[in-house]
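**Student:** Here is a sequence together with a model predicted from it:
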Amino acid sequence: MSTSLRIAPSTARPVTPSATAPAKIAAPTSSSTRDVSSFQAASTAAASGATPTVATDSATLTAALHGLPATNPLGQGADVPRVHTASNTAPVTNPFESWIRQTYETLLRRQPTAAEITSATNWISKELAAGKNIFQAGAEICFFIKLSPEYKQVHPLGSWISSLYQSRLGRYPTDEEIDKAEDLMKTFAAQGKNFFQCCQGLDFCVSISPEYKSFHAANPFASFINDVYTKALGRAPRPDEMANFNTYAKDAGAHGTNWMQICANISNLVLAGNEFHTVHPFSKWIQGEYQSTLGRAPSLDEILSGEALLGKFMAQGKNLFQAAQAFDFCLKLSPEYQSKHAGGVTGPTTGGGDVRSQILAMAESQIGTLENGDTNNGPCAKYPNYFGRGAESWCADFASWVYTHAGVPMNNPWCPGIVQNLKAEGRWKGRSNPQPGDLVLFDWNGDGVADHVGIVKGVNADGTIETIEGNSDKPGTSQSGVWEHTRSMGTIMGFGNP
């Protein structure tokens, strides 16, 4: 950037708790009810070609904001603060000054300096000249201010309040809600409550709001999703993540999957993500140990306990290899391992040859496994049962079972989740270069969302694909099971490498 917005150091004006009734958590404010008069006036002036009359002071245009991202992580790109001050109605030569003053008053609780007004005005003018509208330019000013140390000093609890709103209401709070939430916590503190009790008090106020009740009535899995993210990733889910999982839960419920199974699937999908493996660097190894030793995937609690056990071994002076050996020894001492091996039950095995050959051999060995009617039950239940899941649409369970038994750990019951993981791991090939042993994802209705998954057996000269698929009808019949098919490219969404 050739120019940047400057926020001068300043001592924020303290805010004292209200002496009357405690502040209330505000309901979300519709953008149609916001006071955008300053924006509209500035937009009109900009459209007419008017140039703000301000002094250009290059010394104020520092490089403090050089290289910052162009999007607002708080998701409030068009959020226009509303603060009514005497300056709002005073005629000004600079058409942006009134809004700049409102913004500083709302976000930093003080008036901007002349240099800050100049810097912000020049920034807005530059962005308008580059083709952005007045709302986009203003959103950037808000974003830059929120990144400043002064904003964090004025709103030390802003990040925590934002996380609370994400987890309880599935959205980010407005600036007005952050202000009122901070004032409410100060009121609790003035009543003698400690910090933890203040946080509990705010959480309680949000949790009894009509919006909370409405949100959780429409999204009954929201609390569970938040708990999984908090425990597994140490953060609240983003609104888009919350929405995606709620959509999955509703779809799964509509197809007969029970509550407990939906929760297990959500947890497994979070555990399969790259972020989880980044936060918990030993998780993939622990998952592999459980698959090879006990023949199943570990739960979140087992992964966390496993990490703690590895840490304990290394704290005793063992190196990583010795800690891994000790962990494996502990697994084999467990009643579950002893019971499985006493009964002759073994986990995944692999034969000779390359991994694609092993995948095909394992898939072909399952052809003819049946489903009882259209119930997701019967002999086919062994696929979801292997991963600790109950009756559900099982095409992805079949693919996961085959891959895992061929030596490629996979545990994903949801076709869109498989596509997401393949892309994240660099294994997604799109609709090109199918090979035997590849995963093949289908999109029956052309909406860009994967509906079904199978395994590529071969590629024909006419471009059609030979597949082996679970939860599919035998050609020419209505008998569901594991069967071979010949598929055209028209319904194929793409392929993924093992």
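**Tutor:** Sure, I can see it.

**Student:** what secondary structure does residue 411 sit in?
**Tutor:** coil (DSSP: H, G, I helix; E, B strand; the rest coil).

**Student:** Please tell me I have it right and it contacts residue 272.
**Tutor:** Yes - with contact defined as CB atoms under 8 Å, residue 411 and residue 272 form a contacting pair (6.6 Å). Where C-beta positions appear, they are placed from N, C-alpha and C, glycine not excepted.

**Student:** give me the element the spatially most central residue of the chain is part of.
**Tutor:** With distances taken as CA atoms, centre = their mean, the residue of the chain nearest its centroid is residue 241 (3.7 Å). Residue 241 is part of helix 239-254 when elements are defined by DSSP states H and E.

**Student:** quick one: buried residues of that helix?
**Tutor:** For helix 239-254, a neighbour-count test (16 or more other CB atoms under 10 Å) marks 241-242, 244-246, 248-249, 252 as buried.

**Student:** Distance from the chain centre to it, please.
**Tutor:** 12 Å (CA atoms, centre = their mean, to the nearest Å).

**Student:** elements contacting it?
**Tutor:** The contact analysis (3 or more CB pairs under 8 Å, 6 or more residues apart in numbering; DSSP states H and E) places helix 239-254 against helix 222-233, helix 259-271.

**Student:** could I get those helices as TSV with mean pLDDT?
**Tutor:** Formatted as TSV, the helices and strands packed on helix 239-254 follow (pLDDT from 0 to 100):
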stretch	mean pLDDT
helix 222-233	86
helix 259-271	83
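
**Student:** Mind putting those helices into TSV with distance to residue 427 and mean neighbour count?
**Tutor:** Converted to TSV, the helices and strands packed on helix 239-254 look like this (distance: least, CB to CB, whole Å; neighbours: other CB atoms under 10 Å):
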stretch	distance to residue 427	mean neighbour count
helix 222-233	23	18
helix 259-271	17	19
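
**Student:** neighbours of the nearest residue to residue 473 once chain neighbours are set aside, just the number please.
**Tutor:** Distances taken as CB to CB, 6 or more residues apart in numbering place residue 480 nearest to residue 473, at 5.5 Å, with adjacent residues excluded. Counted with other CB atoms under 10 Å, residues neighbouring residue 480 total 21.

**Student:** So what does residue 480 have for phi and psi?
**Tutor:** Backbone torsions of residue 480, given as degrees, to the nearest 10, read phi -80, psi 140.

**Student:** That one and residue 472 touch, don't they?
**Tutor:** Yes - Residue 480 lies in contact with residue 472 (CB under 8 Å); the separation is 6.8 Å.

**Student:** ok, now which ones touch residue 438?
**Tutor:** Shown in contact with residue 438 (CB atoms under 8 Å, 6 or more residues apart in numbering): 429, 455-456, 495-498.

**Student:** what's whichever helix or strand residue 486 is part of packed up against?
**Tutor:** Residue 486 is located in strand 480-487, with elements delineated by DSSP H and E. Packed against strand 480-487, as judged by 3+ CB pairs under 8 Å, 6+ apart, are the following elements: strand 452-459, strand 465-473.

**Student:** before we move on, the earlier item: from residue 166, how far off is the residue nearest to residue 473?
**Tutor:** To residue 166, residue 480 is 40 Å away according to CB to CB, to the nearest Å.

**Student:** quick revisit: want to throw the helices and strands packed on helix 239-254 into CSV with distance to residue 283?
**Tutor:** Below are the helices and strands packed on helix 239-254 laid out as CSV (distance: least, CB to CB, whole Å):
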stretch, distance to residue 283
helix 222-233, 9
helix 259-271, 7
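
**Student:** Select, out of those helices, the one closest to residue 451.
**Tutor:** helix 259-271 (16.3 Å; CB to CB).

**Student:** Tell me where this protein has strands.
**Tutor:** 428-430, 439-442, 452-459, 465-473, 480-487, 492-496 (DSSP state E).

**Student:** Within its sheet, name the partner strands of the second one and how each one runs.
**Tutor:** Read that as strand 439-442. strand 452-459 (antiparallel), strand 492-496 (antiparallel) (DSSP bridges).

**Student:** In PDB, list the C-alpha atoms belonging to that strand.
**Tutor:** Provided in PDB are the C-alpha atoms of strand 439-442 (Å, rounded to 0.1, in the frame of the first residue of the first chain):
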ATOM      1  CA  LEU A 439     -12.100 -42.600  -4.500                       C
ATOM      2  CA  VAL A 440     -14.900 -41.400  -6.900                       C
ATOM      3  CA  LEU A 441     -17.400 -38.800  -5.700                       C
ATOM      4  CA  PHE A 442     -20.800 -38.400  -7.400                       C
END
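
**Student:** Can you check the distance spanned by stretch 405-414, start to finish?
**Tutor:** 19 Å (CA to CA, to the nearest Å).

**Student:** Around residue 113, count how many other residues there are.
**Tutor:** 16.

**Student:** follow-up on the earlier one: mind pulling the model confidence for the residue nearest to the centre of the chain?
**Tutor:** Among the per-residue scores, residue 241 shows a pLDDT of 87.

**Student:** Give me the spatial nearest neighbour of it, chain neighbours excluded.
**Tutor:** Leaving aside its sequence neighbours, residue 241 sits nearest to residue 229 (CB to CB, 6+ apart; 7.3 Å).

**Student:** Which residues are in contact with that neighbour?
**Tutor:** Shown in contact with residue 229 (CB under 8 Å, 6+ apart): 167, 235-237, 241, 270.

**Student:** before we move on, the earlier item: format the helices and strands packed on strand 480-487 as TSV; extra columns: distance to residue 196 and mean pLDDT.
**Tutor:** Below are the helices and strands packed on strand 480-487 laid out as TSV (distance: least, CB to CB, whole Å; pLDDT from 0 to 100):
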stretch	distance to residue 196	mean pLDDT
strand 452-459	46	94
strand 465-473	49	95
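
**Student:** Figure out which of those strands is closest to residue 397.
**Tutor:** Among the helices and strands packed on strand 480-487, strand 465-473 comes nearest to residue 397, with 7.2 Å by CB to CB.

**Student:** now for the closest one, which elements pack on it?
**Tutor:** Under the contact rule (3+ CB pairs under 8 Å, 6+ apart), strand 465-473 is packed against helix 355-364, helix 395-405, strand 452-459, strand 480-487.

**Student:** from the strands of the chain, which stretch is densest packed?
**Tutor:** Mean neighbour count (mean count of other CB atoms under 10 Å) peaks for strand 439-442 among these, with a mean of 25.

**Student:** can you tell me how far residue 423 sits from residue 196?
**Tutor:** For residue 423, the distance to residue 196 - CB to CB - is 41 Å.

**Student:** Look at those two and report which has more neighbours.
**Tutor:** Neighbours per residue, other CB under 10 Å: of residue 423 and residue 196, the larger number sits with residue 423, 13 against 8.

**Student:** Point out where the protein drops to low pLDDT.
**Tutor:** The model of the chain has pLDDT under 70 over residues 1-92, 340-353.

**Student:** Repeat the analysis, applying 50 as the threshold.
**Tutor:** For the chain, applying pLDDT under 50 flags the ranges 1-4, 6, 9-92, 343-353.

**Student:** which ones are touching residue 441?
**Tutor:** 415, 418-419, 450, 452-453, 492-496.

**Student:** again, 10 Å this time
**Tutor:** 396, 399, 415-416, 418-419, 422, 428, 431, 449-454, 491-496 (CB atoms under 10 Å, 6 or more residues apart in numbering).

**Student:** Can you get me a residue count around the nearest residue to residue 193 once chain neighbours are set aside?
**Tutor:** Leaving aside its chain neighbours, residue 193 sits nearest to residue 201 (6.6 Å; criterion: CB to CB, 6+ apart). Residues within reach of residue 201, counting by other CB under 10 Å, total 18.
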